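A.B. asks: Sequence and predicted structure, then a few things I'm wondering about:
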Amino acid sequence: MSSTLDSIATGSTVGALLPLVTAVVQQPRWSAHVKKAVAVASALIAGVVTVISVGGLEQFQHGVPTLATFAGLLAASQSAYDLIWKPTRVAPAIESATSRKSPTAAG
């Protein structure tokens, strides 16, 4: 039971910081739908890494704790983005700073 709580707590912490990492990949010109898909895919990847790092590969045998970790990570990620990183303009600033410039904009 302790590893389950550790996994969920770690997932929530990772989720709160994940929008900053995701902002490095995302591009300001992408549609909201594409940005959401990238955020969800990033959360799933981060969830797998979190579960493995906390409980090892055998943790995947326990569906409910694994699902709870994924759900907590995704919820924390979306909440942190909407409540912290977007209003403070930190995530959008990272997106802009790391975006690829189009050939016409760069030249």
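C.D. replies: That came in fine, so what should we check first? Residues are numbered from 1 along each chain as shown.
A.B. asks: was I right about R100 contacting Q27?
C.D. replies: Yes - contact criterion CB atoms under 8 Å: R100 and Q27 qualify, at 6.6 Å. The way it works is simple: take the backbone N, C-alpha and C, and place the C-beta from them, glycine included.
A.B. asks: Strands of this structure, start to end?
C.D. replies: Secondary structure of the chain (DSSP state E): no strands located.
A.B. asks: And the helices in it, which stretches?
C.D. replies: 2-25, 32-55, 63-80, 90-98, 103-106 (DSSP state H).
A.B. asks: could I get these as TSV with mean pLDDT?
C.D. replies: Below are the helices of the chain laid out as TSV (pLDDT from 0 to 100):
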stretch	mean pLDDT
helix 2-25	89
helix 32-55	91
helix 63-80	90
helix 90-98	92
helix 103-106	54
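A.B. asks: re earlier: which one of R100 and Q27 is surrounded by more residues?
C.D. replies: Q27 (14 against 9; other CB atoms under 10 Å).
A.B. asks: what's the burial count for the closest residue in space to the more buried one that isn't next to it in sequence?
C.D. replies: Excluding the flanking residues, the one nearest Q27 by CB to CB, 6 or more residues apart in numbering is S99, at 4.9 Å. Neighbour count of S99, defined by other CB under 10 Å: 16.
A.B. asks: gap between S99 and S77?
C.D. replies: S99 is 20 Å from S77, where distance means CB to CB, to the nearest Å.
A.B. asks: on that earlier part again, let me see the contact set for the residue nearest to Q27.
C.D. replies: By CB atoms under 8 Å, 6 or more residues apart in numbering, the contact set of S99 is Q27, P28, R29.
A.B. asks: what pLDDT does it get?
C.D. replies: pLDDT recorded at S99 is 88.
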